[in-house]
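Peer 1: everything below, folded, please.
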Amino acid sequence: MKKETLFVAFSTQKGGVGKTTFTVLVASYLYYLKGYNVAVVDCDYPQHSISAMRKRDGEQVNNDANYKVLAFNQFKALGKKAYPVLCSTPEAAISIAEEFLKTKPMEMDVVFFDLPGTVNSEGIISSLASMDYIFTPITADRVVLESSLSFAMTVNNLLVQNEAYRIQGLHLFWNQVDGREKTDLYGIYENTIGELKLPLMKTFIPDTKRYKKELSGDKTSVFRSTLFPADKRMIKGSNLEELVAEIGYIIKLY
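Peer 2: Here you go, the predicted model:
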């Protein structure tokens with residue numbers, strides 16, 4: 001019996017807290033390192049950040065002999081091409097994904113969606129409701145956190161708690177945590193999150209510049225890419241491996 005493809009979104013109401021970055025990092029890790037079949041639906045309309053990243057990645061590989069060799073060896077070993085990145089408006093995301101799945105002879109394990117966080121549109125609510133799981137990065141900035149918790153509470157009350165919808169859970173995780181400390185402030189915020197009965201993941205992501213490191217002409221290690229997984233030398237201390245493992249456990253991928 002063909003297994004059902006999981007629909008997973010990184011979504012939050014605030015920009016700049018990492019949803020696009022984590023969509024790419026987790027998709028690339030699972031696809032290139034773990035062998036899962038994934039696709040990404042880029043709903044970041046109208047800029048389509050992940051599609052733009054794929055274009056930059058392709059241009060960098062084509063213009064750099066070292067990256068070209070790396071890509072050739074990787075895809076030869078994998079026995080498949082890069083994972084698909086599909087452009088969509090938020091409202092059309094589900095229909096785009098479902099049409100794509102009909103055309104694929106192979107079973108897809110996960111389709112990741114980079115969704116905007118606004119919930120004031122019926123079309124976007126419908127897309128959120130069609131997810132199996134939503135992951136929301138949060139930061140210890142009061143304005144960002146209040147907005148993120150408001151979004152999470154709305155989704156939780158309207159969708160997660162409603163058995164008519166497919167969604168099985170929304171999970172928060174800390175991003176941009178100062179690596180030297182996890183202060184009492186985090187404890188206060190976590191008490192509030194607990195009182196709201198919102199699931200908070202154990203893994204937290206340290207504040208490190210490596211999460212912005214893309215392919216470039218300086219020949220240094222790459223971390224964020226749609227064509228390669230994060231360099232193993234850069235994964236240590238990033239908590240990316242731990243994040244992917246916890247996400248895989250939550251969505252029952254493993």
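Peer 1: okay, CA-based contacts and neighbour counts for the rest of this
Peer 2: Fine.
Peer 1: at which residues are the helices of the protein located?
Peer 2: 19-28, 49-63, 65-78, 93-103, 122-129, 142-155, 184-195, 232-235, 240-250 (DSSP state H).
Peer 1: out of those, nearest to residue 114?
Peer 2: helix 19-28 (6.0 Å; Cα to Cα).
Peer 1: deepest-packed of the helices of the chain, please.
Peer 2: Compared across those, helix 19-28 shows the largest average neighbour count, a mean of 23 (mean count of other Cα atoms under 10 Å).
Peer 1: what angle separates that helix from helix 49-63?
Peer 2: 60 degrees (axes from the mean of the first three to the mean of the last three Cα atoms, to 10 degrees).
Peer 1: re earlier: need the helices of the chain in JSON lines (columns: distance to residue 40 and mean pLDDT).
Peer 2: Below are the helices of the chain laid out as JSON lines (distance: least, Cα to Cα, whole Å; pLDDT from 0 to 100):
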{"stretch": "helix 19-28", "distance to residue 40": "8", "mean pLDDT": "96"}
{"stretch": "helix 49-63", "distance to residue 40": "9", "mean pLDDT": "94"}
{"stretch": "helix 65-78", "distance to residue 40": "18", "mean pLDDT": "93"}
{"stretch": "helix 93-103", "distance to residue 40": "9", "mean pLDDT": "95"}
{"stretch": "helix 122-129", "distance to residue 40": "14", "mean pLDDT": "83"}
{"stretch": "helix 142-155", "distance to residue 40": "22", "mean pLDDT": "91"}
{"stretch": "helix 184-195", "distance to residue 40": "29", "mean pLDDT": "91"}
{"stretch": "helix 232-235", "distance to residue 40": "22", "mean pLDDT": "90"}
{"stretch": "helix 240-250", "distance to residue 40": "16", "mean pLDDT": "97"}
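Peer 1: nearest to residue 205, of those helices?
Peer 2: Among these, helix 240-250 sits nearest to residue 205 (Cα to Cα), with 7.4 Å.
Peer 1: where's the closest one relative to the chain centroid, distance-wise?
Peer 2: In terms of Cα atoms, centre = their mean, to the nearest Å, the centre of helix 240-250 is set 11 Å apart from its chain centre.
Peer 1: just checking, what packs against that helix?
Peer 2: Where contact means 3 or more Cα pairs under 8 Å, 6 or more residues apart in numbering; DSSP states H and E, helix 240-250 is not packed against any helix or strand.
Peer 1: what sits up against it?
Peer 2: 26, 29, 30, 201, 203, 204, 205, 235, 254 (Cα atoms under 8 Å, 6 or more residues apart in numbering).
Peer 1: the same query, at a cut-off of 10 Å, please.
Peer 2: 8, 22, 25-27, 29-30, 133, 135, 168-169, 171, 173, 201-206, 211, 230, 232, 234-235, 239, 252-254 (Cα atoms under 10 Å, 6 or more residues apart in numbering).
Peer 1: pull the CA atoms of that helix into PDB?
Peer 2: C-alpha atoms of helix 240-250 as PDB (Å, rounded to 0.1, in the frame of the first residue of the first chain):
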ATOM      1  CA  LEU A 240      20.900  21.200  13.000                       C
ATOM      2  CA  GLU A 241      21.400  17.400  13.300                       C
ATOM      3  CA  GLU A 242      19.500  17.400  16.600                       C
ATOM      4  CA  LEU A 243      16.700  19.500  15.100                       C
ATOM      5  CA  VAL A 244      16.300  17.200  12.100                       C
ATOM      6  CA  ALA A 245      16.300  14.200  14.400                       C
ATOM      7  CA  GLU A 246      13.600  15.700  16.600                       C
ATOM      8  CA  ILE A 247      11.500  16.800  13.700                       C
ATOM      9  CA  GLY A 248      11.800  13.300  12.200                       C
ATOM     10  CA  TYR A 249      10.600  11.800  15.500                       C
ATOM     11  CA  ILE A 250       7.700  14.100  15.800                       C
END
